[in-house]
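Student: Got a predicted structure here, sequence first:
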Amino acid sequence: MREISLDRLRTLVAIADRGSFADAARALHLAPPTVSLHIAELEDRIGAPLLSRKRGHVRPSAIGEVLVERARRLLGDAEQALDDIQRQVQGLEGRARLGASTGAIAHLLPQALEVLRQHHPAIDIQVAVLTSHETLSRLADGTLDVGLVALPQPPVAGLVIKPWRRDPVMAFVPAHWRCPARVTPAWLAAQPLILNDATTRLSRLTTEWFATEGHHPAPRIQLNYNDAIKSLVAAGYGAALLPHEATTPLPDKRIVMRPLRPALWRRLGIAHRAGYVERSTQHVLDVLWDLRLV
């Protein structure tokens, strides 16, 4: 079945509005024979006359009036769709799908979202809580646009992964404990521990840190929510190893932070698909990039 061209419908509406083939041709910047051909093709497709001429004035037939009414709606919808898409191309509105771990979402991402709300309020940011592996997989299959991932990561075909931040991992210890000025693997391994879930990159980092002095402690509990871990530390349940961003609020007074010896760092990267980047996604990347030194 042949489809009806929007150009043919636009011609029909122009004739209905102006009552003349010649006036419609001038308004549409078409040659008069082209206008006649458009109507002939429409009538052939419909199988009935769409226009009638009375006293030199062209008017839609009964069937033509129905089609003109529908054509106005279709043309209006098409124009609105093009306008909406153009606004997205220009970065005035749109959608960006972002994947990140709970650690990045807790304090870093809200800062970016606040800037985006102020400067690009029509961009819809959809956030998914994912591991770095899940984030990279979904970027590769096109269901995410931006990812915050732990580094290092092996290269992934079709993706760009750039170093973003390096934040120190600190010991979070109940304030009533007696602890050294710098915490070592030997001292911490002897304490009750609250550590990150074994599926996280941070868990692997801390395991390697303890192993530098031959320790392999078993935690009392493993979680993947840093704020929940800090709450347990504040309650005196155990000590934890967590990254500390410079802009993060100071912990609860029931918690003290201590640097590690040897030092340990949590490195994060920004990932996105290579090639063309939509403007809405680029706005998100730009705002996140500005947080690399905060």
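Tutor: Sure thing, it's come through.

Student: Please, where are all the helices along the stretch 101-250 of the chain?
Tutor: 102-119, 132-140, 185-189, 201-211, 226-234 (DSSP state H, counting those that start in this stretch).

Student: name the helices or strands packed onto the first one?
Tutor: This means helix 102-119. strand 123-129, strand 146-150, helix 226-234, helix 279-290 (3 or more Cβ pairs under 8 Å, 6 or more residues apart in numbering; DSSP states H and E). (C-beta placed from N, C-alpha, C; glycine too.)

Student: deepest of the ones you listed, which one?
Tutor: Of all these, strand 146-150 has the most neighbours on average by mean count of other Cβ atoms under 10 Å, namely a mean of 25.

Student: Residues touching it, excluding its own?
Tutor: With contact meaning Cβ atoms under 8 Å, 6 or more residues apart in numbering, strand 146-150 is reached by 96-101, 104, 108-109, 130, 132, 135-136, 138-139, 161, 164, 200-202, 266-272, 281, 284-285, 288.

Student: one step back: mind putting the helices of the stretch 101-250 of the chain into TSV with mean pLDDT and distance to Arg59?
Tutor: As requested, these are exported to TSV (pLDDT from 0 to 100; distance: least, Cβ to Cβ, whole Å):
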stretch	mean pLDDT	distance to Arg59
helix 102-119	85	52
helix 132-140	95	56
helix 185-189	97	88
helix 201-211	93	72
helix 226-234	92	71
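
Student: could I get the ones you listed as CSV with distance to Ala246?
Tutor: Output for those, formatted as CSV (distance: least, Cβ to Cβ, whole Å):
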stretch, distance to Ala246
helix 102-119, 10
helix 132-140, 22
helix 185-189, 23
helix 201-211, 18
helix 226-234, 16
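
Student: which stretch among those helices comes nearest Pro174?
Tutor: helix 226-234 (6.0 Å; Cβ to Cβ).

Student: Contacts only, for the residue nearest to the spatial centre of the chain.
Tutor: With distances taken as Cα atoms, centre = their mean, the residue of the chain nearest its centroid is Arg97 (2.2 Å). Going by Cβ under 8 Å, 6+ apart, Arg97 touches Gln126, Ala128, Thr143, Leu144, Asp145, Val146.

Student: The first one contacts Gly99, correct?
Tutor: Spelled out, that is Gln126. No: with contact defined as Cβ atoms under 8 Å, Gln126 and Gly99 do not form a contacting pair (9.6 Å).

Student: Can you show me the CA trace of stretch 58-65 as CSV?
Tutor: What follows is stretch 58-65 as a C-alpha-only set of coordinates in CSV (Å, rounded to 0.1, in the frame of the first residue of the first chain):
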residue,chain,number,x,y,z
VAL,A,58,-11.6,25.7,-5.5
ARG,A,59,-13.1,24.1,-2.4
PRO,A,60,-12.6,20.7,-0.8
SER,A,61,-15.2,18.0,-1.5
ALA,A,62,-16.9,16.3,1.5
ILE,A,63,-14.2,13.6,1.5
GLY,A,64,-11.5,16.4,0.9
GLU,A,65,-12.7,18.3,4.0
